[in-house]
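Visitor: I need the structure of the sequence given here:
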Amino acid sequence: MPLKEKPINPEYIHRFDRATIFEKEGKWLHALQIYRQLIDDFPEEDFAIAAISNLYEKMEHPELGIEILEECLRGSLDNLPLRLFAGHYFFRQQAWKKTIELLAAFSPQDEPIIAFFVGYSYYMINDFQIAKHHFLLYINLHGEGDFLSDSFVYLAKACIQLDEYEEALEHLKKAEEVAGDYYELHLLFAIAYYCINMDTTALQSIKKSIKLNNSDPLVFEWAGRIAFRCGDPKKSISYYTKFLEKGGEINADFYANYGMAFLYAKDINSAKKNFDLALSFDPSHSFAKEGLRLINTEYLAFEK
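Guide: Numbering: from 1, shown residues only. Here you go, the predicted model:
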């Protein structure tokens, strides 16, 4: 995010330009030295502060950029352009709580993008209700722009986390109007439809998602869940197997669901193996225990 006011002091401009030339030539230590001296000699100017922070990021030491931004902001908390730059910088470094701390006190009416950065940061620390509030605020204040589609998508994700599935679908439809067709959108449609028991519609959405991206393990995990509930355990097994092949993150829920698909496909040995794996992750997992109970008490119903 650029600063709004360019420097006008000729000496500052000359020295700053020298530093940028050094930076382009790969002489980063020379550039850092000049930027640092400019900050000391011209504390009222912001461009060297932004430049040195970006250079630290380029050097893969963004924590030093965060340090210098915090140091410079201590004496100029009312410097909105610099605070916005810093907030965006912290945002890029996934310093979610620092982003919130820096930007939450400012009115999004002055700079609507603040609402998106703060909303996203709250989303990433799992405070979905406050995240939802800020995404709605950004959309209401800024009816167009680079982050509009993302706002609708993350608003829908927050609603899904809050079990507000009908509202999530409304926001996903608006995201589709703004951004068009892409796989994550159809994945989210599938999740929302699944959660309101519209399984056939969910299956259509997940198939579209797979067609657009067959490399994301999460797509196949949800495809496995949806296919199972649509009464096709063999297809569910195929999707879950793809999830494993794509390097999906395994846990108790996955193995319990995988096991149940094998059980209803009448592959008892594979079902039991997966239920046992689920319980090795979580000994109290109720779905895995239910699967074993079905095997033990209703074995004949599931025999080949």
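Visitor: just for the stretch 151-300 of the chain, where's the confidence low?
Guide: By pLDDT under 70, the low-scoring segments of the stretch 151-300 of the chain are 298-300.
Visitor: where do the helices sit along it?
Guide: Here the stretch 151-300 of the chain has its helices, by DSSP state H, counting those that start in this stretch, at 165-179, 183-195, 199-212, 217-229, 233-245, 252-264, 268-281, 286-297, 299-302.
Visitor: mind putting the ones you listed into JSON lines with mean neighbour count and distance to residue 127?
Guide: Quick note: C-beta positions are derived from backbone N, CA and C, even for glycine. Below are these laid out as JSON lines (neighbours: other Cβ atoms under 10 Å; distance: least, Cβ to Cβ, whole Å):
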{"stretch": "helix 165-179", "mean neighbour count": "18", "distance to residue 127": "17"}
{"stretch": "helix 183-195", "mean neighbour count": "22", "distance to residue 127": "20"}
{"stretch": "helix 199-212", "mean neighbour count": "19", "distance to residue 127": "27"}
{"stretch": "helix 217-229", "mean neighbour count": "22", "distance to residue 127": "22"}
{"stretch": "helix 233-245", "mean neighbour count": "19", "distance to residue 127": "29"}
{"stretch": "helix 252-264", "mean neighbour count": "23", "distance to residue 127": "23"}
{"stretch": "helix 268-281", "mean neighbour count": "18", "distance to residue 127": "27"}
{"stretch": "helix 286-297", "mean neighbour count": "16", "distance to residue 127": "28"}
{"stretch": "helix 299-302", "mean neighbour count": "11", "distance to residue 127": "43"}
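Visitor: now do the SS call for residue 51.
Guide: In three-state terms, and counting by DSSP: H, G, I helix; E, B strand; the rest coil, residue 51 is helix.
Visitor: picking up where we left off before, pipe the helices of the stretch 151-300 of the chain into CSV and attach distance to residue 45 per row.
Guide: CSV is the format used below for those (distance: least, Cβ to Cβ, whole Å):
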stretch, distance to residue 45
helix 165-179, 38
helix 183-195, 41
helix 199-212, 47
helix 217-229, 46
helix 233-245, 53
helix 252-264, 54
helix 268-281, 55
helix 286-297, 61
helix 299-302, 74
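Visitor: so for residue 12, which of the ones you listed sits nearest?
Guide: helix 165-179 (41.4 Å; Cβ to Cβ).
Visitor: and that closest one with helix 183-195, angle?
Guide: For helix 165-179 against helix 183-195, the angle by axes from the mean of the first three to the mean of the last three Cα atoms, to 10 degrees is 160 degrees.
Visitor: residues of the strand or helix carrying residue 16 that come out buried?
Guide: Using DSSP states H and E, the element containing residue 16 is helix 10-24. By 16 or more other Cβ atoms under 10 Å, the buried positions in helix 10-24 come out as 12, 15-16, 19-20, 22-23.
Visitor: and the strand or helix carrying residue 85, which residues are buried?
Guide: Using DSSP H and E, residue 85 sits within helix 80-92. Using 16+ other Cβ under 10 Å as the test for burial, helix 80-92 gives 80, 82-91.
Visitor: kindly present the buried residues of helix 10-24 as TSV, with separate columns for distance to residue 33 and pLDDT.
Guide: Formatted as TSV, the buried residues of helix 10-24 follow (distance: Cβ to Cβ, whole Å; pLDDT from 0 to 100):
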residue	distance to residue 33	pLDDT
12	15	89
15	11	92
16	13	92
19	8	93
20	13	92
22	9	92
23	11	91
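Visitor: take the residues you listed and write them to TSV, including distance to residue 254.
Guide: TSV is the format used below for those (distance: Cβ to Cβ, whole Å):
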residue	distance to residue 254
12	58
15	58
16	54
19	52
20	50
22	52
23	47
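Visitor: which residues sit in contact with the residue nearest the centre of the chain?
Guide: What sits nearest the mean C-alpha location of the chain, by Cα atoms, centre = their mean, is residue 124, with 6.8 Å. By Cβ atoms under 8 Å, 6 or more residues apart in numbering, the contact list for residue 124 reads 94, 96.
Visitor: right, and residue 279 touches residue 253 too?
Guide: No - taking contacts as Cβ atoms under 8 Å, residue 279 lies outside contact range of residue 253: 11.9 Å.
Visitor: which residues does the helix holding residue 85 contact?
Guide: With contact meaning Cβ under 8 Å, 6+ apart, helix 80-92 is reached by 1-5, 46, 49-50, 53-54, 57, 62, 65-66, 69-70, 72-73, 76-77, 98-99, 102-103, 106, 110-111, 113-114, 117, 120-121.
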